[in-house]
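In: here you go, sequence then predicted model.
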Amino acid sequence: MNLRDKTLGFIGTGVMGRSMAGHLIDAGYPMRVYNRSPDKLGPLLEKGAVACRNPAEVAREADVVITMVGYPRDVEQTLLGPDGVLANLRPGGIAIDMTTSSPALARTIANAALRHGVAALDAPVSGGDTGARNAQLSIMVGGEASVFESALPILQCMGKTIVHQGPAGSGQLTKLVNQIAIASTLVGVCEAMAFARRAGLDPLRILSSIERGAAGSVQLSAMAPRMLAGDYAAGFYVKHIVKDLGLALETAREMNLQLPGLEQATRLFEKLSAGGGAEDGTQALFRLYVDAGLV
C-alpha cells in the first residue's frame, strides 16, 4: 500500500501524541484526531486536523490509525470490540499502537486485526517529550515485515531510529528492555548525586568530568541537572514508568526470570508515586533521597 496520499487517524494527543500528530500534518498527511479531553486538540485543529467524536469515527475515515494512549486497558478499549479501531478501520488499513503496553496484548491485537482484514503494528517509542517535539524518537516495531515497510514513511516523520524487531509483540518487549535499563540507571544517577553532595563536592562540576566517560548516559546528562535544580516537571510521568516497570516485572515472571535491580527500582518509583509524585517526571526520584535527608 502506498500511504503517502492516505488519510491518517491519531488517537491520544497528550504530552507526546500532540507533537507526533503535528509532524504528520506538517508532512502533508490529512489527519483525523480524537482525544478524551477535546481541549488538547486545539493546536492540531489549527494545523488542519479534523476532530472526530470517538475512535470508531476516526477509523472509518482513515487508512492508518495511530494510537498513543495511557495504559493497556486504554489500548484494549480503543482497538478491540465492536466500537474499536479494528472493527471500523477501512479494509486493508493499518493500526499502529505506539503506547507502551503488554506484549501479550500486542499479539492479541495483531490476531484480531487479521480477522478484520486489516493489519497491526506495535510500535512503542522512547525519547520523551523532547524526542517527540523534535521528531527524534526511537521507535521499536513489532509485526509483519511487509506492513512495517509500508508504514515506514509515516514512522520516519516522528522518529530518527526506527527498527523492526520481529513479529507482533516484539516492539513492546524491546520497549520493556529499554525501560529496565532506564529505571536502574536513574537509581544510579540519584545515588551518585546524593553521594557527591554529601561529600561536599559540586555535582555540576562532577558532571563535566564523568558524563562523557564510562558513566555517561542520557539519564546522567539530561536528568541529573534537573534533579539538582529541583525541576521535577514531567517529560515522562512517574505514573507511566510505574506502569511500564510493572509490565516488565510481569513479563519477566512469565519467563521465570528474576531481576532484582528492576524489582528495587520499581519499589522506589511506586513509593514516589504513592507519596504524591505520580504526575512528576521520572527525575523526581531524587526527591526520595532529598526527603530522607540523604542529600
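Out: Here it is on my side, so go on. Treat the numbers as computed from the prediction; the structure is a model and nothing was measured.

In: could you point out which element follows the longest helix anywhere in the chain?
Out: Using DSSP state H, we find that the single longest helix of the chain is helix 170-198. Past helix 170-198, further along toward the C-terminus, the next helix or strand under DSSP states H and E is helix 203-210.

In: how far does the longest helix of the chain sit from the chain's center?
Out: Computed by Cα atoms, centre = their mean, to the nearest Å, the separation of helix 170-198 from the middle of its chain amounts to 16 Å.

In: buried ones in it?
Out: For helix 170-198, the neighbour count (16 or more other Cβ atoms under 10 Å) marks 170-176, 178-180, 182-190, 192-194, 196-197 as buried. For glycine as for every other residue, the C-beta is placed from the backbone atoms N, C-alpha and C.

In: quick check: mean pLDDT of that helix?
Out: Taken as a whole, helix 170-198 has an average pLDDT of 97.

In: what do you get for stretch 149-163?
Out: Rounded mean pLDDT across stretch 149-163 is 97.

In: same question, stretch 56-68
Out: pLDDT averaged over stretch 56-68 gives 98.

In: endpoints of that stretch, how far apart?
Out: Start and end residues of stretch 56-68 are separated by 15 Å (Cα to Cα, to the nearest Å).

In: so how far is that stretch off the chain centroid?
Out: 19 Å.

In: do stretch 196-214 as well
Out: Distance, centroid of stretch 196-214 to centroid of chain: 30 Å (Cα atoms, centre = their mean).

In: what is the end-to-end distance of it?
Out: Span of stretch 196-214 from end to end, Cα to Cα: 17 Å.

In: list the buried residues for it?
Out: Applying 16+ other Cβ under 10 Å to stretch 196-214 flags 196-197, 203, 206-207, 211 as buried.

In: spatially nearest residue to residue 50 (excluding sequence neighbours)?
Out: Spatial nearest neighbour of residue 50, excluding adjacent residues (Cβ to Cβ, 6 or more residues apart in numbering): residue 32 at 5.3 Å.

In: quick one: pLDDT of that neighbour?
Out: On the pLDDT scale, residue 32 gets 98.

In: over to residue 1?
Out: So residue 1 comes in at 48 (pLDDT).

In: what's the answer for the one 10 residues further on, then?
Out: On the pLDDT scale, residue 11 is placed at 98.

In: gap between the two ends of stretch 5-23?
Out: 15 Å.

In: which parts of it are buried?
Out: For stretch 5-23, by 16+ other Cβ under 10 Å, it's 6-23.

In: what sits closest to residue 80 if chain neighbours are left out?
Out: That would be residue 112: by Cβ to Cβ, 6+ apart, it lies 6.0 Å from residue 80.

In: could you give the bridge partners of the residue nearest the centre of the chain?
Out: Note on the chain: the residue nearest the mean C-alpha position is residue 125, at 4.6 Å, using Cα atoms, centre = their mean. Partner residues in beta bridges with residue 125, using DSSP bridges, are residue 139.

In: might one say that it is in contact with residue 16?
Out: Yes. At 7.3 Å, residue 125 and residue 16 qualify as touching, with contact defined as Cβ atoms under 8 Å.

In: touching both of those two, which residues are there?
Out: residue 132 (Cβ atoms under 8 Å, 6 or more residues apart in numbering).

In: returning to that earlier point: show me which pair in the buried residues of stretch 196-214 is furthest apart.
Out: 197 and 211 (16.6 Å; Cβ to Cβ).

In: what sits against residue 238?
Out: 269, 272-273, 277-282, 284-285.

In: now do the end-to-end distance for stretch 83-101.
Out: Start-to-end, stretch 83-101 (Cα to Cα) is 20 Å.

In: can you list the buried residues in it?
Out: Residues of stretch 83-101 classed as buried under the neighbour-count rule (16+ other Cβ under 10 Å) are 84-90, 93-101.

In: farthest pair in the residues you listed?
Out: 90 and 100 (26.6 Å).

In: hmm, back to that, report the beta-bridge partners for the residue nearest to residue 50.
Out: Under DSSP bridges, the beta-bridge partners of residue 32 are residue 9, residue 50.

In: measure it to residue 26 for me?
Out: As for residue 32, its distance to residue 26 is 16 Å (criterion: Cβ to Cβ, to the nearest Å).

In: I appreciate the help and will end here.
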